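**Q** Structure for this input, please:
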Amino acid sequence: MSIAILPLTIFAASQVGTPGPANMALMATGARYGFRAALPFVAGVALGKQLIIWPIGFGLMQLAEAAPGVFTALKYISAAYIIWLAWKVANLRLGQGRANDKAPGFAAGLIVHPLNPKAWAMIVGGFTAFVGEGTPTITATATIAAVLLLCQLVLHPIWTLAGDRIARTLAGTPAEPYLMWTLAALTVASVLFVLFGGGT
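**A** Numbering: from 1, shown residues only. Sure, this is the predicted structure:
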């Protein structure tokens, strides 16, 4: 009955900190609206992962095994949604929304991870790789939830701030469209890797 806390933390930090749909959304939001205006969205993204962790911990994967077709369909629908968001990122221009539009808020951030295949794979990997047999469900779930939330509270603002700083440097320059297409391509690549490559 054990949880490998240190390896779990290293795994969580590597997954939360690397490019993926959520981090691309955070960077794009910071770039378009500025770091301060994006903070409610950041908080929503961080807490939204809890909406997946607890159901998975308390048996959602057993339900998935009973109805695999439903979950496969949901996985591809979610991937399509993230790819659509990537298209929007590719075509937005840095800083355009700072004066005119309102930044997405807390509620918009909450839905990012439930629709993110990388988040699902990451959480399932956390339960299967780092939780020993016989560990109480509440202990395992609360530990994974706390470790992931801590990593998100540190790393998600960094991605958002990076977007803000990049916007200040590249907005209006010839490099801007290339940057946005690169971010969009990384988002799509991360989704396709999770869907077809077996990664997290």
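
**Q** So what's the residue count around I5?
**A** I5: 12 surrounding residues under other CB atoms under 10 Å. Every C-beta, even on glycine, is put in place using the N, C-alpha and C of the backbone.

**Q** Touching, it and T143? I think so.
**A** Yes - assessed by CB atoms under 8 Å, I5 is found in contact with T143 at 7.2 Å.

**Q** Let's check: the centremost residue of this protein is which one?
**A** The centroid of the chain falls nearest to A22 when counting by CA atoms, centre = their mean (3.0 Å).

**Q** quick one: which helix or strand includes that one?
**A** helix 21-33 (DSSP states H and E).

**Q** who does that helix touch, helix- and strand-wise?
**A** Where contact means 3 or more CB pairs under 8 Å, 6 or more residues apart in numbering; DSSP states H and E, helix 21-33 is packed against helix 35-48, helix 68-91, helix 97-100, helix 117-130, helix 137-170, helix 176-192.

**Q** any idea of the mean pLDDT in it?
**A** The pLDDT scores in helix 21-33 average 85.

**Q** Ok, stretch 48-62 next?
**A** On average, stretch 48-62 scores 84.

**Q** Can you dump the C-alpha atoms of it in PDB for me?
**A** In PDB, the C-alpha atoms belonging to stretch 48-62 read as follows (Å, rounded to 0.1, in the frame of the first residue of the first chain):
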ATOM      1  CA  GLY A  48     -10.500  21.900 -14.300                       C
ATOM      2  CA  LYS A  49      -8.200  18.900 -14.100                       C
ATOM      3  CA  GLN A  50      -9.800  18.000 -10.800                       C
ATOM      4  CA  LEU A  51     -13.000  17.400 -12.700                       C
ATOM      5  CA  ILE A  52     -11.200  14.400 -14.300                       C
ATOM      6  CA  ILE A  53      -9.000  13.200 -11.500                       C
ATOM      7  CA  TRP A  54     -11.700  12.400  -9.000                       C
ATOM      8  CA  PRO A  55     -14.100  10.500 -11.300                       C
ATOM      9  CA  ILE A  56     -11.200   8.500 -12.700                       C
ATOM     10  CA  GLY A  57     -10.000   7.700  -9.100                       C
ATOM     11  CA  PHE A  58     -13.500   6.500  -8.100                       C
ATOM     12  CA  GLY A  59     -14.100   4.200 -11.000                       C
ATOM     13  CA  LEU A  60     -14.600   6.000 -14.200                       C
ATOM     14  CA  MET A  61     -12.100   3.800 -15.900                       C
ATOM     15  CA  GLN A  62     -14.100   0.700 -15.000                       C
END
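
**Q** worst-scoring helix or strand of this protein, pLDDT-wise?
**A** helix 97-100 (a mean of 56; mean pLDDT, DSSP states H and E).

**Q** Model confidence for M180, exactly?
**A** For M180, the pLDDT comes out at 76.

**Q** where does the closest residue in space to it that isn't next to it in sequence land on pLDDT?
**A** Nearest non-adjacent residue to M180, counting by CB to CB, 6 or more residues apart in numbering: A90, 5.4 Å away. Predicted confidence (pLDDT) for A90: 76.
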